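Asks: sequence below, structure please.
(one chain, ligands or ions: 1)
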Amino acid sequence: MCGIAAYYARGDLSAANQVMLALYSQQHRGQESSGIAATNGKFLRLHKSMGYVKEIFSQDVLERLSGFAAIGHVRYPTRGSAILNNAQPYIIETLSGPIYAIASNGDIVNYEEVALELQSRGVHFTSTNDGELLGRFIVYHHEREGLEITEAIQLLMKRIRGAYSAVFLTRNNLYVFRDIQGFRPLLMGKVNDDIAVASESCALDILHATEIREVQPGEIIVITPNTAYDIPRSSSLFTSTVEPQHIHQCIFELIYFSRPDSYEFGEYVYEVRHKIGAKLASYDEFDADVVIPVPDSANFIALGYADAKKIPFHMGLIRNHYVGRTFIRPDQYLRDESVRQKFNPLKDFFQDKRIVVVDDSIVRGTTIRKIIRMIKRAGAREVHLRIGSPPVRFSCFYGIDTPTRQELIANNMTIDQIREYVGADSLKYLKIEDLRDCVKQPNNFCYACFNGEYPVPKHAYLRTSMEKEQI
Ligand code: AMP
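Replies: This next block holds a predicted model:
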């Protein structure tokens, strides 16, 4: 998973600063690396590095990126190793210098096929990252085949399968587009006469953006120096669409990934989570003494449970906010260690209580097993675990990091075995039909990680033989 942002200013050269703020609000979408590319009309400049946004983008660095338009990216690796070479944005050089840059969020399913085709026509790649493939596809068809950039993007939407929400920058123009199935969110808004784009609306809020709207699946938006920005569409703002196929937005964004203060896929994230909690509450006939979330991702789900049951909601586990997302840590040892460092139970709070613990999902089972052990040690009499999603049984190929089926606990154990493994007195997952009830347009979502119904056939496009074995 990753986060992207873009800014097109109509009066000053501080676009990179605005992009930095937008990336900072989206740090939860990736902590591995971050980068910004900016244009002043003459040059495109790039700065990217491993680490957190605020550590990378000092005032000095931002001044060097001075320009009226900029794009940026925060990354956590789903494919490709966690090295700077795979960080985004990508700058693409031509004989006239570095004049294109791209940042994207999502995973391309037919990467290998498209990359081989481009290579056979003499295109050279410097990484294995999806963003580079998108950028080189556009530049090849624009520079060598003579297509307009918008036509190249339309062709890209026909040829490249899978998930990509992307921003593409030239020396003067910004192109914003989203794959035809709309897997990942992408929104834009106005900041006075400027235009801001981000993966999540919380990043637009921090820029005081107004008239926020979603970039539609298959939509291409072009922002040039002369266009007066006008939402949703005007003749001066070139807008074109590729016929959207059936839409498959990622339901996991709403369950877990996005921030609760974001709006996306036509939904308020916190509201969906609250509804999920109420559904979980409807499964239980007993009343616990207290409901606690695994903070922060399950806060609103637990609140929904408590409100429906009319029992107390408490923050019984305290989270160290300086430990990042434990799941995103690259290996199991780091994940185990950071769970222990991340949560601590309130003293004397759990003594002899019947607790409902709510988490958003169980993937490998690492986090919740340790947490339940902690709560039991703190004196809880009973621990009932409620999960705000159906069991995750299938890998995601569209940008969420659930790499192999072998690692997914629900693929290897029955629900009762999981209950025993994590040490809970009872365990209930959200039913998929109840999850569908929590959104307004349930048919517009991808549920592949729960039911294995992949909207883009995975077997046809597997990148490596290792991935084939994992299915
Ligand atoms: P695990 O310990 O592997 O069972 O991880 C489950 C926890 O990680 C859940 O409590 C979620 O909050 C979080 N999580 C679930 N899926 C993901 C994901 N794809 N990327 C990052 N974090 C996740």
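Asks: give me every residue in the protein lying close to the ligand.
Replies: Residues of the chain lying close to the ligand by Cβ under 6 Å from any ligand atom are 256, 294, 297, 325, 327-328, 359-367, 400-402. The way it works is simple: take the backbone N, C-alpha and C, and place the C-beta from them, glycine included.
Asks: among the residues you listed, which are located in helices?
Replies: Using DSSP state H, the subset of these located in helices is 366-367.
Asks: any low-confidence regions in this protein?
Replies: 77-82, 228-245, 324-338, 403, 458-471 (pLDDT under 70).
Asks: give me the domain ranges for it.
Replies: 3-247, 272-439 (automatic domain parsing).
Asks: deepest-packed of these, please.
Replies: When the domains of the chain are scored by mean count of other Cβ atoms under 10 Å, the highest mean neighbour count falls to domain 3-247 (a mean of 20).
Asks: start and end of that domain, how far apart?
Replies: This stretch, domain 3-247, spans 20 Å end to end (Cα to Cα, to the nearest Å).
Asks: repeat that for stretch 111-127.
Replies: Termini of stretch 111-127 sit 12 Å apart (Cα to Cα).
Asks: check the gap between Ser165 and the ligand for me.
Replies: Using Cβ to the nearest ligand atom, to the nearest Å, Ser165 is found at 17 Å from the ligand.
Asks: ugh, wrong one, I meant Leu430
Replies: 13 Å.
Asks: how about that residue, phi and psi?
Replies: Torsion angles at Leu430 (phi, psi; degrees, to the nearest 10) stand at phi -70, psi 140.
Asks: look up how far Leu62 lies from it.
Replies: As judged by Cβ to Cβ, to the nearest Å, Leu430 and Leu62 stand 43 Å apart.
Asks: which of the helices or strands spans Arg273?
Replies: In the assignment (DSSP states H and E), Arg273 maps to helix 269-282.
Asks: for Met374, same thing?
Replies: Using DSSP H and E, Met374 falls within helix 366-377.
Asks: C-terminal to that helix, what's the next element?
Replies: strand 382-387.
Asks: and that following strand, which strands flank it?
Replies: Take DSSP bridges as the rule and strand 382-387 pairs in its sheet with strand 354-359 (parallel), strand 426-429 (parallel).
Asks: you'd agree Glu433 is in a strand?
Replies: No. Assigned with DSSP: H, G, I helix; E, B strand; the rest coil, Glu433 falls outside any strand and is helix.
Asks: need the CA coordinates for stretch 353-365. CSV is fine.
Replies: Output of stretch 353-365 as CSV, limited to C-alpha atoms (Å, rounded to 0.1, in the frame of the first residue of the first chain):
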residue,chain,number,x,y,z
LYS,A,353,-13.7,-8.4,34.0
ARG,A,354,-15.5,-10.0,31.1
ILE,A,355,-13.9,-8.1,28.2
VAL,A,356,-14.9,-7.9,24.5
VAL,A,357,-11.8,-7.0,22.5
VAL,A,358,-12.4,-5.7,19.0
ASP,A,359,-9.9,-5.7,16.2
ASP,A,360,-10.4,-4.9,12.5
SER,A,361,-8.8,-8.0,11.1
ILE,A,362,-6.6,-11.0,11.7
VAL,A,363,-4.0,-11.7,9.1
ARG,A,364,-1.1,-13.8,10.5
GLY,A,365,-2.5,-13.7,14.1
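Asks: for that stretch, what is the distance to the chain centroid?
Replies: Stretch 353-365 sits 22 Å away from the centroid of its parent chain (Cα atoms, centre = their mean, to the nearest Å).
Asks: for stretch 390-397, same thing?
Replies: Stretch 390-397 sits 16 Å away from the centroid of its parent chain (Cα atoms, centre = their mean).
Asks: okay, how far is it across that stretch, tip to tip?
Replies: End-to-end distance for stretch 390-397: 18 Å, by Cα to Cα.
Asks: next one: stretch 167-178
Replies: By Cα to Cα, one end of stretch 167-178 lies 9 Å from the other end.
Asks: again with stretch 92-107
Replies: Counting by Cα to Cα, you get 20 Å between the two ends of stretch 92-107.
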